[in-house]
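Task: produce atomic coordinates for the following.
(4 chains)
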2 protein chains.
Amino acid sequence: MDIPIGELSRRTQVKVPTIRYYEQIGLLPEPARTEGQQRRYGSAEVMRLNFIRHARELGFEVEDIRELLALSADPDRPCADADAIARRHLVAVKRRIAQLKALRAELERMVEDCRHGRIGDCRVIEVLADHGQCRRDHTRAEPPRGRMSK
Amino acid sequence: MDIPIGELSRRTQVKVPTIRYYEQIGLLPEPARTEGQQRRYGSAEVMRLNFIRHARELGFEVEDIRELLALSADPDRPCADADAIARRHLVAVKRRIAQLKALRAELERMVEDCRHGRIGDCRVIEVLADHGQCRRDHTRAEPPRGRMSK
DNA sequence: TCTTGACCCTCTAGCGGCTGAAGGATGTAG
DNA sequence: CTACATCCTTCAGCCGCTAGAGGGTCAAGA
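Below is the predicted model of the structure:
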């Protein structure tokens, strides 16, 4: 086990620049290097990076992952902290689902009411122009900062 | 109606730097200015900014909003284009809800199975370390790029 | 041994959609 | 005429990457 970054990338499905980025922000330790300054990794890094990837897939933020990694290094401590992080994240996911459902309802109403005529009569444009036409109050449903999906 | 940017901000609930940002990216037209270069707005801008804010609350991306604004300026054209934008967005919202539900299920399982003992036995850490423990395949459920909510 | 070419390096900038701060100018009420 | 709230421009930062430029290294085959 003395693999270059490309091989680590293949095994973990994490892109090469992302691996370097994780090193930069301290999620991955600085690895050994060859004489020519190329990174060489072992199986510990494969496991750690799989952990990170999996946590990201589950939507944990990097700061949470940092904590979870620190906790996992210390198997005798109580797992209340890890538990708390997961619960906190679960609450955030549930809240986000609720927000999106409110948006979905409003969008469905807009689209169903559209009589496919002129813009001047379009429900879509009309509703956007006048918030009073909404049944639900989604003013708290703050939009996603990043992109909705790929 | 000849209001400064702070008053526009108060009336639309859009923050001052955000208004200037919208001007910069061309969502809002360049307004009239006083001799001392301060922006002055009229009721058209209040309406336009309300439209933008409402569309953002519904999760439309800026590019979509740009198109919706262009369409709304032209009331005699058919509303098929506006309709299509809304439908496309609705599909994205539905997909995102489905992804988040898969995450929620996995997180609930992790948290419920936690026996509140040592980290070494913690389900939370265990599941993160070993993707094989997941029932569902959430590998396609790409994480949010921005923050989950405020 | 030399050459090829696939890989690797660092550095920097950009994505979306804002948000905040620095440092200074303006507008208005008293 | 002064005080001070508000305005201006400019730039940097947030998150979590991702891509590109411009070069260096490594290993296999001739």
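
and the closest residue to DNA strand C within chain A, what does it touch?
DNA strand C sits closest to A:G6 of chain A, with a gap of 2.4 Å, by C-beta to the nearest atom of the strand. Heads up, the C-betas are built off the backbone N, CA and C, glycines and all. By C-beta atoms under 8 Å, 6 or more residues apart in numbering or on different chains, A:G6 lies in contact with A:V16.

if I look at the residue nearest in space to the middle of chain A, how far off is DNA strand D?
Nearest to the geometric centre of chain A sits A:G59, at 3.8 Å (C-alpha atoms, centre = their mean). To DNA strand D, A:G59 is 9 Å away according to C-beta to the nearest atom of the strand, to the nearest Å.

Same question for A:R56.
In terms of C-beta to the nearest atom of the strand, A:R56 sits 5 Å off from DNA strand D.

Only C-alpha atoms, please: export the one helix or strand the residue of chain A closest to DNA strand C maps to in PDB.
A:G6 belongs to helix A:5-12 when assigned by DSSP states H and E. Output of helix A:5-12 as PDB, limited to C-alpha atoms (Å, rounded to 0.1, in the frame of the first residue of the first chain):
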ATOM      1  CA  ILE A   5      -3.500  10.200  -5.500                       C
ATOM      2  CA  GLY A   6      -5.100   9.000  -8.700                       C
ATOM      3  CA  GLU A   7      -5.400   5.500  -7.300                       C
ATOM      4  CA  LEU A   8      -6.800   6.900  -4.000                       C
ATOM      5  CA  SER A   9      -9.300   8.800  -6.100                       C
ATOM      6  CA  ARG A  10     -10.400   5.700  -8.000                       C
ATOM      7  CA  ARG A  11     -10.800   3.600  -4.800                       C
ATOM      8  CA  THR A  12     -12.900   6.200  -3.000                       C
END
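
What's the first helix or strand after that helix?
Downstream of helix A:5-12, the first helix or strand assigned by DSSP H and E is helix A:16-24.

contacts for the next helix or strand after that following helix?
Downstream of helix A:16-24, the first helix or strand assigned by DSSP H and E is strand A:32-33. The contact list for strand A:32-33 (C-beta under 8 Å, 6+ apart) reads A:39-41.

Is strand A:32-33 in proximity to DNA strand D?
No. With C-beta under 7 Å from any atom of the strand as the criterion, DNA strand D is not reached by strand A:32-33; the gap is at least 7.9 Å.

what lines up beside the first helix or strand past that strand going along the chain in the sheet?
Proceeding N to C from strand A:32-33, the next assigned helix or strand is strand A:39-40, under DSSP H and E. Strand A:39-40 pairs in its sheet with strand A:32-33 (antiparallel), by DSSP bridges.

Report the mean per-residue pLDDT for the partner strand.
Strand A:32-33 comes out with an average pLDDT of 97.
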